[in-house]
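Peer 1: missing the sequence, but the structure's below:
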């Protein structure tokens, strides 16, 4: 997917300031994958084994994993797509329908959690704080 879709799509955009973040799943952190991402993003890669190591299971620090992907996935699979084309159409439709205001709320919530983590000097959160 990265080779056949993502990187060719990036070539259509100015990505000099773009950072790439991913989780620590084994398939995402294979040497070949990390090397490919390093070639594309240089030191702007946030990943296990990447230039910027990211804690792989921090619900406090990964709003894309813990909110956005779950939200997108629930809508993409709502009508149980049976073909690849149907699945791709659903993904494109759902992503296109995300309002900037929703992303702003995700970032506001994320920064408030970061403030909490800083104030607690990195101790775990007693509860996950999500506000929509």
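Peer 2: Sure thing, it's come through. This one's a predicted model, so the numbers in the text were calculated from it and none came from an experiment.
Peer 1: how about stretch 85-105: buried residues?
Peer 2: Within stretch 85-105, the residues scored as buried using 16 or more other Cβ atoms under 10 Å are 90, 94, 105. (Each C-beta comes from the backbone N, C-alpha and C, glycine too.)
Peer 1: max-length helix in this protein?
Peer 2: In the chain, taking DSSP state H as the definition, the longest helix is helix 100-119.
Peer 1: Against which helices or strands is that one packed?
Peer 2: In terms of contacts (3 or more Cβ pairs under 8 Å, 6 or more residues apart in numbering; DSSP states H and E), helix 100-119 is packed against helix 63.
Peer 1: What mean pLDDT does the helix it packs on get?
Peer 2: Mean pLDDT, computed over helix 63, is 66.
Peer 1: How about stretch 88-104?
Peer 2: Mean predicted lDDT for stretch 88-104 stands at 92.
Peer 1: Now tell me what touches it from outside.
Peer 2: Stretch 88-104 has contacts (Cβ atoms under 8 Å, 6 or more residues apart in numbering) with 68, 72, 75-77, 79, 81, 132.
Peer 1: how does it look with 7 Å?
Peer 2: Around stretch 88-104, the neighbours that count as contacts under Cβ atoms under 7 Å, 6 or more residues apart in numbering are 72, 75-76, 81.
Peer 1: The chain: strands as residue ranges?
Peer 2: Ranges of strands within the chain are 20-21, 45-46, based on DSSP state E.
Peer 1: what's the closest of the ones you listed to residue 2?
Peer 2: strand 20-21 (9.5 Å; Cβ to Cβ).
Peer 1: So for that closest one, mean pLDDT?
Peer 2: pLDDT averaged over strand 20-21 gives 80.
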